[in-house]
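Enquirer: requesting a structural model of the entry that follows:
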Amino acid sequence: SPKACAAAARVCRVWSDAALDELWRTLPSFYPLINLLGSSSYLAELALDDALTLPTAQTWDRFTCYAARVREITCDFGSSPFEQNVIPKLIERLTQAYPGGIILPNLQKLCWKTNGPQTLQYVLSFCPLTLERISIIVHSGEAVPDDPIGQLVRSLATLPNVFKAFELDTGSFNIDTATMAVALETFVRSQPGLLELSLPAEFPIQDHVEVLAACRTALRLHTFSGMTVYPSKEVYQEVLAAIAKECPSLRNLKIGRWSRSIEVTDATDLAPLFDCSFLEDIILWFNGRLELDDQGIRRMGCAWNRLETLILHAGASNTTPISCLVAFAESFPVLKYLESGFDRSEGLPPINEVTAGFWSLRELVITGEWIYMDEIAQFLARTWVRNSRT
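Expert: Numbers count the residues shown, from 1 in each chain. Sure thing, here's the model as predicted:
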């Protein structure tokens, strides 16, 4: 724990270096580091007054010593004037002072959160050769002509880094999807060692399947997240087929379907994904209605017999009968987590007709309408064999 590491660093010289390395390994913000340079008022002056000299050599040595220990950091630029105006300027000055312009020379994982595109120009100052995982989250902002997000993605593609994970979340930022598609394709093709790829929810992958095609260069890609926006059933199936073709080794998949109207999705619509036989975790999101029956669930179970997590989110009412829990128990022998909505109108099957059990399930989440536990307790007790909770 941080308290234990701090205590070890103080009481024993032998443990000090190892304890400090662990204590500074993961930072929740940039504040612990910049606080080493001085007070908030001094930092504001240092950032906004170019004539002001940098801290003393002793203070600077202390900063660089601790900066070298950081392996993971979250840089969250909130809405306060200090976060929006002072910290970016401070980063700019630190970049100028650092050899090669890299502030954290041993960083491995970076999460960059910002309310607009203004701070994106400083991301590259946190990209040493050791960086393997990067997450860019832009909460909001107005569209701008020079497309700073696309520029950043293209710049990342030119780095010699071997990235293992890349996440881009543009929030409510109005992106140019055509320009973004080119940037994403360029980046993915430049990263044959990519393991995890998460695309923006606002990026309609059905219009830019070239990004999916680029995934074939990442032979070990095992995690993919994306969204289809206003697709027809046929287009939705084409996207799933492209995912199965270009990413056959996927283990974790999160895919959404945002429809113009309340459309029904069933197991037949998901059939193209049945070729992804290595899937272990699936999150499927729809703003329409999900309609599964025992036969469809059994087909899913035959295709995804390694599945450990299944989350089905439907925005409209769910017409999957509650009795289908038996089919889930029969079809997914290693399932540990199940989350879905169910239609309770037809009731539960008689207890003496329940012949299957969840042998591996640890947690069941039933979303949607209220459910009375006294009505379902016996049913769950019969289908829930061990290691489970609700």
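
Enquirer: who's in contact with residue 37?
Expert: For residue 37, the contacting residues are 43, 46, 55, 59, 63, by CB atoms under 8 Å, 6 or more residues apart in numbering. (Glycine included, C-beta is placed from N, CA and C.)

Enquirer: what secondary structure does it sit in?
Expert: coil (DSSP: H, G, I helix; E, B strand; the rest coil).

Enquirer: going by distance to residue 21, which of the contacts of residue 37 wins?
Expert: residue 63 (16.1 Å; CB to CB).

Enquirer: can you count the residues close to the closest one?
Expert: 21 (other CB atoms under 10 Å).

Enquirer: distance of it from residue 25?
Expert: Distance of residue 63 to residue 25, given as CB to CB, to the nearest Å: 17 Å.

Enquirer: same question for residue 57.
Expert: 26 Å.

Enquirer: neighbour-wise, which of these two wins?
Expert: When residue 57 is set against residue 25 and neighbours are counted by other CB under 10 Å, the residue ahead is residue 25, at 15 against 8.

Enquirer: and the pLDDT at the closest residue to the more buried one other than its chain neighbours?
Expert: Of all residues beyond its chain neighbours, the one nearest residue 25 is residue 71 (4.8 Å), with distances taken as CB to CB, 6 or more residues apart in numbering. If you check residue 71, the pLDDT there is 96.

Enquirer: isn't residue 71 up against residue 108?
Expert: Yes - between residue 71 and residue 108 there is a contact under CB atoms under 8 Å: 4.8 Å.

Enquirer: related to what we said a few turns ago, what's near enough to touch the residue nearest to residue 25?
Expert: 25-26, 106-109.

Enquirer: widest-spaced pair of those?
Expert: Every pair of the contacts of residue 71 checked by CB to CB; the farthest is 26 and 106, at 12.6 Å.

Enquirer: any common contacting residues for the two?
Expert: By CB under 8 Å, 6+ apart, the residues touching both residue 26 and residue 106 are 70-71.

Enquirer: on that earlier part again, just the buried residues out of the contacts of residue 71, in PyMOL syntax.
Expert: Selection of buried members from these for PyMOL, criterion 16 or more other CB atoms under 10 Å:
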select buried, resi 107+108+109
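
Enquirer: for residue 312, pull up the helix or strand it's in.
Expert: strand 309-314 (DSSP states H and E).

Enquirer: how confident was the prediction at the closest residue in space to residue 177 that isn't next to it in sequence?
Expert: Closest residue in space to residue 177, ignoring its immediate chain neighbours: residue 203 at 5.9 Å, by CB to CB, 6+ apart. As predicted, residue 203 sits at a pLDDT of 86.

Enquirer: just give the number of residues close to residue 203.
Expert: Neighbours of residue 203 (other CB under 10 Å): 20.
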